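Trainee: Quick check, what structure comes out for this input:
(one chain, ligands or ions: 2)
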Amino acid sequence: MYPIELKQVTKSFKNASGEGDLLILNSIDLCLLPGKSTAIIGKSGTGKSTLLQIAGGLDAPTSGTVLCNETDLGSLSDSKKSLIRNRNMGFVFQNNMLLEDFTALENVMIPAMIGGSSKKQCADRALQLLDKLGLSDRLDHLPGQLSGGEKQRVAICRALMNNPDVVFADEPTGSLDEENAREVENMLFDIVSSEKRTLLLVTHNIDFANRCDMVYRLRNRTLTLEKS
Ligand SMILES: Nc1ncnc2c1ncn2[C@@H]1O[C@H](COP(=O)(O)OP(=O)(O)O)[C@@H](O)[C@H]1O
Ligand SMILES: [Mg+2]
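Mentor: Ligands and ions are numbered 1, 2, ... in the order given. Down below sits the predicted model:
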């Protein structure tokens with residue numbers, strides 16, 4: 001059983017006038033192996049984010065199947081899909097997507113509060129994660145009071161909050177300077193491996209990608225395995 005499996009996934013978009021299909025992904029097969037990290041590399045505009053969004057159930061393929069622990073995401077209602085995402089998946093995006101009116105601690109607690117855990121349980125887990133990522137003295141800061149690197153570290157904590165099977169990270173260091181990028185990169189790999197999570201990383205940075213167990217290149221709408 002794979003935490004995520006894509007079978008013959010094809011995606012095309014309509015252009016602005018709603019006509020003419022633009023084929024982005026063509027019949028893609030991909031398995032994420034439990035506890036392993038997989039990177040997708042490729043030039044800008046090749047469809048990496050589209051692929052990650054489909055793998056994480058945030059977008060639907062035009063044809064093909066996405067399985068999460070053998071459940072076909074395409075067969076589920078939006079609310080069931082949201083439930084699976086809340087329980088089994090964590091997301092880190094290039095622009096942290098933190099809620100601006102909530103503190104770092106609250107941002108990290110939110111996925112577990114939505115999942116129905118007690119406030120005490122949520123706070124304990126959130127504090128543990130924030131401590132691991134060196135943010136113990138930033139708990140009550142709003143996102144606007146944090147640096148770019150700190151915001152991404154909060155976003156990583158939030159993604160891991162519900163002990164997801166899979167962490168999806170789309171260019172998580174893409175808007176950081178080199179030093180902060182390296183720090184966030186290290187923390188992401190440390191926490192994902194110490195908590196034995198499966199990682200799908202999308203990046204155009206080859207060095208970052210090469211830290212993953214497997215690397216695929218997206219080119220000409222298909223994936224080629226570059227490292228395993
Ligand atoms: N919602 C959409 N509607 C139409 N075209 C889209 C949409 N989302 C992405 N695209 C197009 O799909 C291609 C791949 O985009 P994306 O997945 O963001 O690439 P990458 O992440 O590799 O830079 C681009 O040409 C982009 O313009
Ligand atoms: Mg992208």
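Trainee: from what I can see R158 touches V108, true?
Mentor: Yes. Counting by CB atoms under 8 Å, R158 does reach V108; the two are 4.8 Å apart. (Each C-beta comes from the backbone N, C-alpha and C, glycine too.)
Trainee: Show me what from this structure comes close to ligand 1.
Mentor: Taking CB under 6 Å from any ligand atom as the measure of proximity, the chain contacts ligand 1 at F13, I24, G42, S44, G45, T46, G47, K48, S49, T50.
Trainee: Quick one: residues contacting V9.
Mentor: Under the criterion of CB atoms under 8 Å, 6 or more residues apart in numbering, the neighbours of V9 are L25, S27, I28, D29, L30, L51, I54, P61, S63, G64, T65, V66.
Trainee: now swap in L129 and tell me
Mentor: L129 makes contact with V108, C157, L160, M161, I191 under the criterion CB under 8 Å, 6+ apart.
Trainee: from those residues, which ones fall inside helices?
Mentor: Judged by DSSP state H, helices contain the following of the contacts of L129: V108, C157, L160, I191.
Trainee: I'd like the distance between the residue nearest the centre of the chain and G174.
Mentor: By CA atoms, centre = their mean, the chain has its centre lying nearest to F168, at 1.8 Å. F168 sits 14 Å away from G174 when distances are taken as CB to CB, to the nearest Å.
Trainee: now T224
Mentor: In this structure, T224 and G174 are 23 Å apart, going by CB to CB.
Trainee: again, but for R125
Mentor: Note on R125: its distance to G174, by CB to CB, is 27 Å.
Trainee: These two: which has the busier surroundings?
Mentor: Neighbours per residue (other CB atoms under 10 Å) separate R125 from G174, with R125 holding more: 19 against 16.
Trainee: Just confirm the more buried one contacts M161, I think it does.
Mentor: Yes. Counting by CB under 8 Å, R125 touches M161, with 6.3 Å between them.
Trainee: what is in contact with those two at once?
Mentor: When contacts are counted by CB under 8 Å, 6+ apart, R125 and M161 have A112 as shared neighbours.
Trainee: what about the helix or strand containing L130, distance to the chain center?
Mentor: Taking DSSP states H and E as the definition, L130 sits inside helix 119-132. When distances are taken as CA atoms, centre = their mean, to the nearest Å, helix 119-132 is centred 20 Å away from the chain's centroid.
Trainee: in that helix, what counts as buried?
Mentor: Taking 16 or more other CB atoms under 10 Å as the neighbour-count basis, helix 119-132 is seen to contain the buried residues C122, A123, R125, A126, L127, L129, L130, K132.
Trainee: mind putting the residues you listed in a markdown table, distance to K81 and pLDDT included?
Mentor: Conversion of the buried residues of helix 119-132 to a markdown table gives the following (distance: CB to CB, whole Å; pLDDT from 0 to 100):
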| residue | distance to K81 | pLDDT |
| --- | --- | --- |
| C122 | 23 | 93 |
| A123 | 28 | 95 |
| R125 | 24 | 95 |
| A126 | 25 | 97 |
| L127 | 30 | 97 |
| L129 | 25 | 96 |
| L130 | 28 | 97 |
| K132 | 29 | 93 |
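Trainee: Sort out which one of these lies nearest ligand 1 for me.
Mentor: L129 (27.2 Å; CB to the nearest ligand atom).
Trainee: L199: how many residues sit nearby?
Mentor: Neighbours of L199 under the rule other CB under 10 Å: 24.
Trainee: show me what contacts it?
Mentor: L199 sits next to K36, S37, T38, V166, V167, A169, L188, V192, C212 when contact means CB under 8 Å, 6+ apart.
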